[in-house]
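[1] Make a model of this:
(one chain, ligands or ions: 2)
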Amino acid sequence: MSDYLERSEEKVKELVSGDDVTIMAFETSCDETACAVVKNGREVLGNSVYTQIAIHREFGGVVPEIASRNHVAKISSVAEDALSQAGIGYDGIDAVAVTCGPGLVGALLTGVAFAKGLAFALDKPLIPVNHMEGHISANYITYKDLEPPFICLVVSGGHTAILNVTAHGSYRELGTTRDDAAGEAVDKIARVLGLPYPGGPSLEKLAIDGDPHKYEFPRVFKGETHLDFSFSGMKTAAINLIRKLEQKGGNYRKEDVAASFQDAVMSSLIRNATEAVRRENGTKLVLAGGVCANSVLRKKALEAAGELGIEVLFPELRYCTDNAAMIASAAYFSMKHGPAGLGLNAYPAMGTTDPCPKGTE
Ligand code: KG4
Ligand code: ZN
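    Ligands and ions are numbered 1, 2, ... in the order given. Take a look at the predicted model:
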């Protein structure tokens, strides 16, 4: 074992058994370059996000190589910004955390390489974080007393799952998507409707003036007892509908298509998530991931919770989409499993509940 890793392991043991822990975290898995400084997993001292949305908009989606190049250009400045908001210097942090997967490989590598260099230079432990665990942990920032167990609906651009979070870092998957992620389907339909990237917020905005009951989309798995999702049938039906309407002269209200499709996706998410809470005798449904910024999803969750007599929690909007505060929070709760070595890599296909590999020495 390298001297650095040996020292890191000792330091992590001290941090876990000590008092206050301040973590500086980096997030570069997609098109947000982010750094945050968070105390004890819940108190955000500094949070800096440079979003590349405007850059990727002209291409209609994220261009991986352009994302990586912009992470390289911006990562130092978000780091300086987060520290200056926190009013501390590099000597004030106890550990460095970084998203090591899932995500775009080149984008992840920029954050991993920067965090490794920083951790080694400062001689501080390096804590690897699963991006999806980060999304779940965003809730610990918003709800200062929140502790597992709870049922969590995780919905991002690439992942859709219902988890029973039994303890920090312990999950039982109750349902997942058999094909597209919810965010992916929403982004696709937004694109077919000619809306700007990112699709989810654009579709939500257009849907405000639409009729959510104008069009029906197939609800699959009717009568089946599992809690999995499928969005690809819904997506294909929507694409076919838009083509048919365009062929008929395009004299239709895009608002109605947007509202109906959004309603179908969000209803399906909430139906299965609340059923999971009921089956598990849960009392809390926690939402996580970029799609949980959606107001229709939040409204449906609150309505369903009212009927079931359960609590619904979701992060503040700025912690729903990609940010590094959630990564620092996840690192605080997972550091007991030990630090990573300097061989840490990027793991683009890491699953929603996979533990982070620690790299080699
Ligand atoms: O969690 P996230 O920021 O990045 C990933 O880890 O993928 O999620 C991005 C996804 C995209 O599909 C985006 O369109 C969707 O979240 N999204 C929304 C909203 N804001 C972001 N979907 C619906 N309504 C929104 N307001
Ligand atoms: Zn994300």
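[2] what about whichever residue of the stretch 251-361 of the chain sits closest to ligand 2, neighbour count?
    Closest contact between the stretch 251-361 of the chain and ligand 2, by CB to the ion, is at residue 322 (4.4 Å). Just so you know, the C-beta spots here come from the backbone N, C-alpha and C atoms, and that holds for glycine as well. Residues near residue 322, counting by other CB atoms under 10 Å, number 27.
[3] what residues does this protein put near ligand 2?
    Contact residues, the chain versus ligand 2 (CB under 5 Å from the ion): 156, 322.
[4] Show me which residues of the longest helix along the chain are buried.
    The helix that spans the most residues within the chain, counting by DSSP state H, is helix 254-279. Using 16 or more other CB atoms under 10 Å as the test for burial, helix 254-279 gives 254-270, 272-277.
[5] strands paired with the helix or strand that comes right after it, and their directions?
    Heading C-terminal from helix 254-279, the first helix or strand you meet, by DSSP states H and E, is strand 284-288. Applying DSSP bridges to the sheet, strand 284-288 is found paired with strand 150-155 (parallel), strand 311-313 (parallel).
[6] Around ligand 1, which positions in the protein sit nearby?
    Residues of the chain found near ligand 1 (CB under 6 Å from any ligand atom) are 30, 135, 156-158, 183, 186-187, 198-201, 204, 289-291, 293-294, 321-322.
[7] Near the residue lying closest to the residue of the stretch 251-361 of the chain closest to ligand 2 once chain neighbours are set aside, how many other residues are there?
    Closest residue to residue 322 apart from its sequence neighbours, by CB to CB, 6 or more residues apart in numbering: residue 32 at 4.1 Å. By the criterion of other CB under 10 Å, residue 32 has 21 neighbours.
[8] Next, the contact list for residue 150, please.
    Residue 150 sits next to 165, 282-286, 313 when contact means CB atoms under 8 Å, 6 or more residues apart in numbering.
[9] likewise residue 34?
    Residues near residue 34 by CB under 8 Å, 6+ apart: 26-28, 47-50, 78, 322-324, 327.
[10] same thing but at 7 Å, please
    Residue 34 makes contact with 27, 48-49, 78, 322-324 under the criterion CB atoms under 7 Å, 6 or more residues apart in numbering.
[11] Please parse this structure into its domains.
    Here the domain parsing of the chain from automatic domain parsing is 2-138+320-337, 148-315.
[12] How about residue 304: what's its closest non-neighbour residue?
    residue 274 (4.4 Å).
[13] That neighbour against residue 303, yeah?
    No - if you go by CB atoms under 7 Å, residue 274 and residue 303 don't touch, sitting 9.7 Å apart.
[14] For the residue in the stretch 51-200 of the chain positioned nearest to ligand 1, identify the helix or strand it belongs to.
    Relative to ligand 1, the nearest point of the stretch 51-200 of the chain is residue 200 (2.1 Å; CB to the nearest ligand atom). Residue 200 is part of helix 199-207, with elements assigned from DSSP H and E.
[15] Next, the angle strand 150-155 makes with that helix.
    90 degrees (axes from the mean of the first three to the mean of the last three CA atoms, to 10 degrees).
[16] Now do helix 199-207, average pLDDT.
    On average, the pLDDT along helix 199-207 is 98.
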